[in-house]
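>>> Fold the following, please.
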Amino acid sequence: MASRVVIPEQPRVGGGKQKIEQAEGRNRRVLRDIGNLATKQAVVERKPQNQITRPVTRSFGAQLLANAQAAAEKNICKKPLVESGKDLVGKDVVAAKKEALKPKDEAVVVISSDKGESCKSGRKEKKPTKAFTSILSARSKAACGVTKKPKDAVVDIDAGDSKNELAAAEYVEDMYNYYKLTEDDGRVHDYMESQREINSKMRGILVDWLIEVHRKFELTSESLYLTVNVMDRFLSLKAVPRRELQLVGISSMLIACKYEEIWAPEVSDLIAISDNAYAREQVLVMEKAILGKLEWYLTVPTPYVFLIRYIKASIPSDKEMENMSFFFGELGLTSYSVMTRYSPSVLAASAVYIARCTLGRSPVWGETLRHHTGYSEDQLMECGKVLVGLQSGMAESKLKAVWRKYSNPEMAAVAMFPPPRI
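Purely as a prediction, here's the structure:
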């Protein structure tokens with residue numbers, strides 16, 4: 001057997017480079033891997049792939065490209081794209097082709113359980129609707145009359161006085177709550193049984209004269225209401241003869257003016273206006289006697305204190321409304337029965353209520369007035385009718401001071417209004 005000659009391999013130059021190329025060749029993908037990659041891409045793009053059974057030559061690739069372009073142009077011609085009323089064909093054909101070849105998102109159909117309508121996600125959202133049970137409940141309440149109308153909002157009447165330190169907007173609610181609690185302390189009740197020489201008619205004549213004096217001296221309204229309060233409280237504590245009744249009136253006014261006015265009238269002025277019926281010493285002695293009986297208790301809530309608050313709550317509040325309320329308030333001062341039967345807050349609220357009825361304000365008694373006065377319309381009806389009766393009887397009454405005062409154009413002539421029907 002012939003021996004085989006083994007020729008040793010000669011080392012070649014660049015052997016290291018050949019080993020690197022062989023190592024890289026092991027990591028390269030085969031053709032079927034490239035085909036797999038193309039198939040995955042087709043699935044993502046959701047486009048059917050043409051099955052190629054023969055090698056793609058240059059001429060065959062050009063033919064495929066021409067067929068694809070012809071199919072795209074055919075689709076564009078069927079449905080022309082319009083932008084601002086002009087066709088895009090001939091303007092930007094390449095952009096139109098790209099738009100036509102883009103894959104369209106599949107529409108997701110959502111069936112609504114309430115309306116039975118279908119809508120596309122992303123384009124039409126389901127509108128919020130009320131439950132069927134709530135609709136039936138609302139209809140049942142409306143049919144039975146159970147539905148409640150929303151109440152009128154209470155207006156913050158102190159909002160404009162937040163920067164006014166004298167208005168004390170932070171404490172005004174507490175102050176008037178205190179006035180309501182203590183108004184019975186300064187209230188007078190029927191005292192004519194203890195008086196032997198005077199009666200309610202004499203008292204009315206005296207108050208009517210004091211209103212004239214008050215107007216003559218141009219005093220504040222606070223002084224008038226406090227004068228009547230001081231006089232009534234003193235007469236309820238001590239019986240006085242008829243000849244001293246006017247002396248009690250001017251002494252009470254002197255005390256009230258010293259308490260309320262900046263410049264109080266002098267004693268000589270009050271003596272002169274009373275036709276010098278009394279001496280100076282008599283006025284000073286009576287002043288001292290009144291203060292002693294009242295124990296110097298002068299800080300009492302009169303009807304005026306509540307009137308200014310309730311007029312402010314009477315929205316809209318104007319000068320006519322203010323004068324009309326004070327007109328009915330002063331009518332109440334002249335009536336003995338009104339001052340002894342009703343508290344100061346009830347008299348003030350009734351005066352505002354009748355004033356609104358006379359001027360035809362609507363609503364007559366709103367939620368704001370109900371909140372600040374604490375009285376409903378029914379609670380004021382009785383006192384209001386008494387005030388309307390006083391207004392109706394002014395033509396036959398001899399007490400004309402209030403009528404003359406509020407018939408003046410400066411007071412908007414509110415006394416000339418006809419009485420309201422309540």
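>>> contacting residues around residue 400?
Applying Cβ atoms under 8 Å, 6 or more residues apart in numbering to residue 400 gives the contacts 208, 394. All C-beta atoms are positioned from the backbone trio N, CA, C, and that covers glycine.
>>> Relative to residue 165, how far out is it?
Distance, residue 400 to residue 165, by Cβ to Cβ, to the nearest Å: 42 Å.
>>> Ok, residue 138 next?
For residue 138, the distance to residue 165 - Cβ to Cβ - is 50 Å.
>>> Compare neighbour counts for the two and give me the winner.
Between residue 138 and residue 165, counted using other Cβ atoms under 10 Å, the more crowded position is residue 138 (13 against 8).
>>> so what pLDDT did that one get?
With respect to pLDDT, residue 138 has a value of 71.
>>> That one belongs to a helix, doesn't it?
Yes: membership of residue 138 in a helix is supported by DSSP: H, G, I helix; E, B strand; the rest coil.
>>> and the residue lying closest to residue 294 once chain neighbours are set aside, helix, strand or coil?
When the adjacent residues along the chain are set aside, residue 294 lies closest to residue 233, with 5.9 Å between them (Cβ to Cβ, 6 or more residues apart in numbering). Reduced to three states with three-state DSSP, the structure at residue 233 is helix.
>>> Which residues are in contact with residue 233?
186, 188, 293, 294.
>>> give the contact list for the second one.
For residue 188, the contact set (Cβ under 8 Å, 6+ apart) comprises 229, 232, 233, 235, 236, 339, 340.
>>> after the helix or strand harbouring the fifth one comes which helix or strand?
Just to be clear, that refers to residue 236. Secondary structure from DSSP states H and E places residue 236 in helix 221-237. Next along the chain after helix 221-237, taking DSSP H and E as the criterion, comes helix 245-260.
>>> by contact count, what packs against that following helix?
Under the contact definition 3 or more Cβ pairs under 8 Å, 6 or more residues apart in numbering; DSSP states H and E, helix 245-260 sits against helix 200-217, helix 221-237, helix 267-273, helix 280-294.
>>> Show me the domain layout of this protein.
Following automatic domain parsing, one finds the domains of the chain at 190-300, 301-389+397-422.
>>> Which one of the ones you listed lies nearest to residue 66?
domain 301-389+397-422 (83.8 Å; Cβ to Cβ).
>>> tell me the average confidence for that closest one?
Domain 301-389+397-422 comes out with an average pLDDT of 93.
>>> what do you get for stretch 164-172?
85.
>>> And that stretch, end to end?
Counting by Cα to Cα, to the nearest Å, you get 12 Å between the two ends of stretch 164-172.
>>> Over to stretch 389-409?
Start and end residues of stretch 389-409 are separated by 24 Å (Cα to Cα).
>>> what about residue 304, neighbour count?
Counted by other Cβ under 10 Å, the residues lying close to residue 304 total 24.
>>> Then residue 182?
Residues lying near residue 182 (other Cβ under 10 Å) number 13.
>>> Could you double-check that it lies in contact with residue 299?
No: applying Cβ atoms under 8 Å as the test, residue 182 and residue 299 come out as separate, 9.4 Å apart.
>>> now the domains of the chain in JSON lines, with distance to residue 66?
Output for those, formatted as JSON lines (distance: least, Cβ to Cβ, whole Å):
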{"stretch": "domain 190-300", "distance to residue 66": "105"}
{"stretch": "domain 301-389+397-422", "distance to residue 66": "84"}
